[in-house]
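Trainee: sequence plus predicted model, see below.
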Amino acid sequence: MEQGDNQADISRKLGKPRDWVSRYASVQSMPEFLRSKLAGSSIRAVYELYQAWREQPNAVETICAAQANFADAHARQLARKIRGEVRGSPADGECAPGAQPARSPTAPRVASRSRETDPVTPSAEKRSNSVHRNERMSPSLTIRVRHQDRRGCLLVDRLASQGSRHAVLLVDGAEEAEEVPASTITIEEIIFA
């Protein structure tokens, strides 16, 4: 770009999609803590966090301080959640409390508890009642999974403390969620209601 090429020219010369070039072009505008994430995360994941950082720098910096690297889908989910909270409504695809099927009666209580401890979610005092109503009325996503010989729900509204290669799972009949390696989970059913 310093030599006078535009992003379309660079895309053509490198044989890369234009959005890839655009993401890398934004790296120079990113704060150092985000640039350092490129060592263990894709440009797509870092760019998602950068877009959220532009609206909520403190929230993104807190997340990045607690986690070494990010998978694309996880970064996209976090960014949507952060941007949704800035606008005063839940993010697209965010699970509402009680989104898990009735087969697990403890799921709503665990999902609600996870929101209160999630570092991205503002404290309950700061959230208005209208936001809670909107969350209950928004579409919900439930991902039914199998882990070893057990079945349960993937809790997508909660980060695994062990990093992006782990998932938070609520096994049917259990009262507490657990973290398991994401590679050991098999998705059985995706329910969008």
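Mentor: Received, thanks.

Trainee: and the residue sitting nearest the centre point of the chain, how far from Leu154?
Mentor: In the chain, the centroid-proximal residue (C-alpha atoms, centre = their mean) is Gln77; its distance is 2.6 Å. Here the criterion is C-beta to C-beta, to the nearest Å. By it, Gln77 lies 12 Å from Leu154. The C-beta positions use only the backbone N, C-alpha and C, and glycine is treated the same way.

Trainee: could you list the low-pLDDT ranges of the protein?
Mentor: 86-140, 192-193 (pLDDT under 70).

Trainee: ok, and for the longest helix anywhere in the chain, which residues are buried?
Mentor: Across the chain, the longest stretch assigned as helix under DSSP state H is helix 72-86. Taking 16 or more other C-beta atoms under 10 Å as the neighbour-count basis, helix 72-86 is seen to contain the buried residues 72, 74-85.

Trainee: quick one, strands of this structure?
Mentor: Taking DSSP state E to define them, one finds strands in the chain at 141-147, 150-154, 166-171, 178-181, 185-192.

Trainee: closest one to Pro57 among these?
Mentor: Among these, strand 166-171 comes nearest to Pro57, with 26.0 Å by C-beta to C-beta.

Trainee: quick one: list the elements packing against the closest one.
Mentor: The criterion is 3 or more C-beta pairs under 8 Å, 6 or more residues apart in numbering; DSSP states H and E, and the helices and strands that strand 166-171 contacts are helix 107-117, strand 141-147, strand 150-154, strand 178-181.

Trainee: what comes into contact with the shortest one?
Mentor: Contact with strand 178-181 is made by His147, Ala160, Ser161, Gln162, Arg165, His166, Ala167, Val168, Leu169, Leu170, Val171, as judged by C-beta atoms under 8 Å, 6 or more residues apart in numbering.

Trainee: go again with 7 Å.
Mentor: Contacting residues not belonging to strand 178-181 are listed as His147, Ala160, Ser161, Gln162, Arg165, His166, Ala167, Val168, Leu169, Val171 [C-beta atoms under 7 Å, 6 or more residues apart in numbering].

Trainee: stretch 18-29 now?
Mentor: Taking C-beta under 7 Å, 6+ apart as the criterion, the residues outside stretch 18-29 that touch it are Met1, Gln7, Ala8, Ile10, Ser11, Arg35, Ile43, Arg44, Tyr47, Tyr50.

Trainee: show me which pair in the residues you listed is furthest apart.
Mentor: Among those, the pair separated by the greatest distance (C-beta to C-beta) is Ala8 and Arg35, at 24.4 Å.

Trainee: those two: who's more crowded?
Mentor: Neighbours per residue (other C-beta atoms under 10 Å) separate Ala8 from Arg35, with Arg35 holding more: 14 against 11.

Trainee: for that one, which residues are in contact?
Mentor: Val27.

Trainee: for Ala75, same thing?
Mentor: Taking C-beta under 7 Å, 6+ apart as the definition of contact, the neighbours of Ala75 are Ala45, Glu48, Leu49.
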